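Trainee: Provided below for reference: sequence and predicted model.
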Amino acid sequence: MPVNTVAYEILFEFTNDTQDVVHLTGPSGRSAPLERGQDIALVLTAGETYQYTLRQLSQPRKAQLSVRAWNDIHCRASSVFAGTCGSAAWPGSGVTVTGRS
C-alpha cells in the first residue's frame, strides 16, 4: 500500500498566560514579544524539530523548548516555566522543555 510522503503543516499555538511580557525566540534568532494574554500561532512542518527559547525579563527566567510534533499543539508560558507544555489531554505532544533557569 502506498504511503503519503508529502510534508504537511501543523500549528504551534503559544499563549502568554503570565502577568508579564515574555519573549519567544525561534530557530532564526528572531524574537517575538508577547504581552499578557497574547497568542502567537507558528506554522511548522510536521515531524521537523524546532528549538525555541522563552524569556521573561521581569523575573529573569528562561526555558528552552524542543518542538517536534505531528498534530497541532497549544502551549502556555506558565506551563513551560513549570517544565511542561500542554496538559494530560495531550500525551506525547512532541514538546519537550529541555532546560530552565
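Mentor: Sure, I can see it.

Trainee: so where's the chain uncertain?
Mentor: 1-6, 86-93 (pLDDT under 70).

Trainee: show me where it has helices.
Mentor: 77-81 (DSSP state H).

Trainee: All the strands of it, residue numbers only.
Mentor: Listed in chain order, the strands of the chain (DSSP state E) span 9-15, 22-25, 31-34, 39-45, 50-56, 61-67, 73-76, 95-100.

Trainee: What are the buried residues along the third one?
Mentor: Neighbour-count burial for strand 31-34, with 16 or more other Cβ atoms under 10 Å as criterion, is recorded at Leu34. Yep, even glycine has a C-beta here, placed from its N, CA and C like the rest.

Trainee: And stretch 11-23, by the same measure?
Mentor: 12, 14-16, 18, 22.

Trainee: Redo the residues you listed as JSON lines? Include distance to Ser78.
Mentor: Shown next, in JSON lines, are the buried residues of stretch 11-23 (distance: Cβ to Cβ, whole Å):
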{"residue": "Phe12", "distance to Ser78": "17"}
{"residue": "Phe14", "distance to Ser78": "12"}
{"residue": "Thr15", "distance to Ser78": "9"}
{"residue": "Asn16", "distance to Ser78": "9"}
{"residue": "Thr18", "distance to Ser78": "6"}
{"residue": "Val22", "distance to Ser78": "10"}
